[in-house]
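Undergrad: have a look; sequence and predicted model below, questions after that.
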Amino acid sequence: MKYFLQVEGGRNFEIEVEDGVGGHCVVHVGGRQLEADFLDVDRLGQYTAILNGRSFAASIEEDDAQHLRVNIAGETFTVVAMDEREKAAGDVAAQSGPKAEVIKASMPGVLISVTAKEGDLLSPGEAVAVLEAMKMQNEVACQHGGVVAEVLVEAGQSVDANQVLLRLQPPPAED
């Protein structure tokens with residue numbers, strides 16, 4: 001099966017995985033072929049990968065089925081992962097024009113500020129709130145932009161992971 005990965009910072013990878021027996025597989029990436037063994041350590045997002053004889057530990061947190069936070073050797077990467085069916089569906093959806101957007105909390109925490117208000121027109125990537133979690137402040141931004149249709153939270157409120165914070169409508173059509 002082919003997978004398409006988009007790593008924070010704009011790096012894109014196309015990976016083909018040939019499944020084998022007992023977690024063994026062959027991975028094709030960037031013109032290279034890697035022998036790989038994967039082990040789900042605890043069924044809670046901890047994995048061991050052996051690639052061409054080198055061992056790596058990885059922690060993977062899912063925001064949803066496609067949006068992942070991957071930690072390898074203390075370095076965290078935000079990754080959007082799609083298989084070839086999901087990518088094809090996304091390509092068709094992208095051609096059909098702008099869509100509504102739902103902005104969710106990436107982790108549990110307390111909202112320090114909510115800057116977006118109903119009726120605001122947001123640009124892609126624009127910040128809408130600041131979420132404090134584990135004594136760190138994290139900016140929450142929209143992905144595609146649009147008009148704020150509904151603000152469901154306020155500053156000072158505690159939120160759960162994946163809780164809906166705002167709903168956006170597609171931006172108005174340009175003349």
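TA: Structure received. Residues are numbered from 1 along each chain as shown.
Undergrad: show me the chain divided up by domain.
TA: Structural domains assigned to the chain are 2-87, 98-169, following automatic domain parsing.
Undergrad: would you mind finding the most buried of the ones you listed?
TA: The highest mean neighbour count among those, using mean count of other CB atoms under 10 Å, belongs to domain 98-169: a mean of 16. To be clear about C-beta, it is placed using only N, CA and C from the backbone, and glycine gets the same treatment.
Undergrad: which residues does the residue nearest the centre of the chain bridge with?
TA: By CA atoms, centre = their mean, the chain has its centre lying nearest to residue 67, at 2.4 Å. Bridge pairing for residue 67 (DSSP bridges) gives the partners residue 80.
Undergrad: so who does it touch?
TA: Applying CB atoms under 8 Å, 6 or more residues apart in numbering, we find residue 67 in contact with 78-80.
Undergrad: return the member of those nearest to residue 41.
TA: residue 79 (19.1 Å; CB to CB).
Undergrad: where does the closest one land on pLDDT?
TA: The model reports residue 79 with a pLDDT of 92.
Undergrad: ok, it touching residue 9?
TA: No: in this structure residue 79 lies outside contact range of residue 9 using CB atoms under 8 Å: 10.6 Å.
Undergrad: any idea how far residue 110 is from the closest residue to residue 116 other than its chain neighbours?
TA: The shortest distance from residue 116 to any non-neighbouring residue, by CB to CB, 6 or more residues apart in numbering, is to residue 128 (4.0 Å). Distance of residue 128 to residue 110, given as CB to CB, to the nearest Å: 16 Å.
Undergrad: re the thing from before, the residue nearest to residue 116 contacts residue 115, doesn't it?
TA: Yes: the pair residue 128 / residue 115 is scored as a contact, 6.1 Å apart, by CB under 8 Å.
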